[in-house]
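**Q** Model the following, please.
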Amino acid sequence: MIALIQRVTQASVTVDGGVVGQIGPGLLVLLAVEKEDDEKKAQRLAERVLGYRVFSDEQGKMNLNLQQAEGSLLVVSQFTLAADTGKGMRPSFSGGAAPEKAQALYQYFSECCRQQGVTTENGQFAADMQVSLVNDGPVTFWLQV
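**A** A predicted model of the protein is given here:
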């Protein structure tokens with residue numbers, strides 16, 4: 001399971017001209033589910049995302065996690081992060097989970113975050129989404145379990 005996290009001042013997802021999820025300060029999480037992933041991995045990745053210290057403290061050092069910074073999450077499914085780009089000029093998506101499994105683990109990941117008291121918004125799984133964000137920093141990290 002892969003999460004590309006971006007610290008944002010704001011982010012939103014639009015589908016068919018309508019906003020389906022939006023946050024103010026927090027993290028935009030682009031989430032990919034791979035074939036071997038399960039609920040245990042989803043829970044572990046949620047713990048890492050919520051605990052990762054990417055927000056500045058009073059001294060300007062990245063010492064605060066999302067909850068300490070009182071931020072929100074916007075979780076967007078992003079199967080292309082699971083692509084194998086090692087050969088040729090075309091990505092292979094053979095490592096990605098089947099859509100039914102991917103959707104279930106995507107929803108489970110989001111629910112794990114909500115259960116920790118974090119305001120969590122979502123994109124729309126398998127939709128053609130337009131994602132807008134203001135990356136704060138810019139600060140972007142790749143987390144994988």
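**Q** contacts, neighbours, all on C-alpha from now
**A** Fine.
**Q** what residues are up against the residue positioned nearest the centre of the chain?
**A** Residue closest to the average C-alpha location in the chain (Cα atoms, centre = their mean): residue 29, at 1.8 Å. Counting by Cα atoms under 8 Å, 6 or more residues apart in numbering, residue 29 touches 3-6, 73-76.
**Q** quick one, phi psi at it?
**A** Phi and psi for residue 29, reported as degrees, to the nearest 10, are phi -110, psi 110.
**Q** Check the spacing between it and residue 84 real quick.
**A** Counting by Cα to Cα, to the nearest Å, the gap from residue 29 to residue 84 is 20 Å.
**Q** likewise residue 60?
**A** For residue 60 relative to residue 84 (Cα to Cα), the value is 37 Å.
**Q** of those two, who's got more company?
**A** Counted by other Cα atoms under 10 Å, residue 60 and residue 84 do not tie: residue 84 has more neighbours, with 15 against 8.
**Q** hey, what's the more buried one bridged with?
**A** Beta bridges link residue 84 to residue 92, judged by DSSP bridges.
**Q** Could you verify my assumption that it touches residue 93?
**A** Yes - counting by Cα atoms under 8 Å, residue 84 touches residue 93, with 6.4 Å between them.
**Q** Counting residues, name the longest helix you see in this structure.
**A** As assigned by DSSP state H, the longest helix anywhere in the chain is helix 99-115.
**Q** Which elements pack onto it?
**A** helix 39-51, strand 120-122 (3 or more Cα pairs under 8 Å, 6 or more residues apart in numbering; DSSP states H and E).
**Q** Determine which stretch of those is the most buried.
**A** strand 120-122 (a mean of 21; mean count of other Cα atoms under 10 Å).
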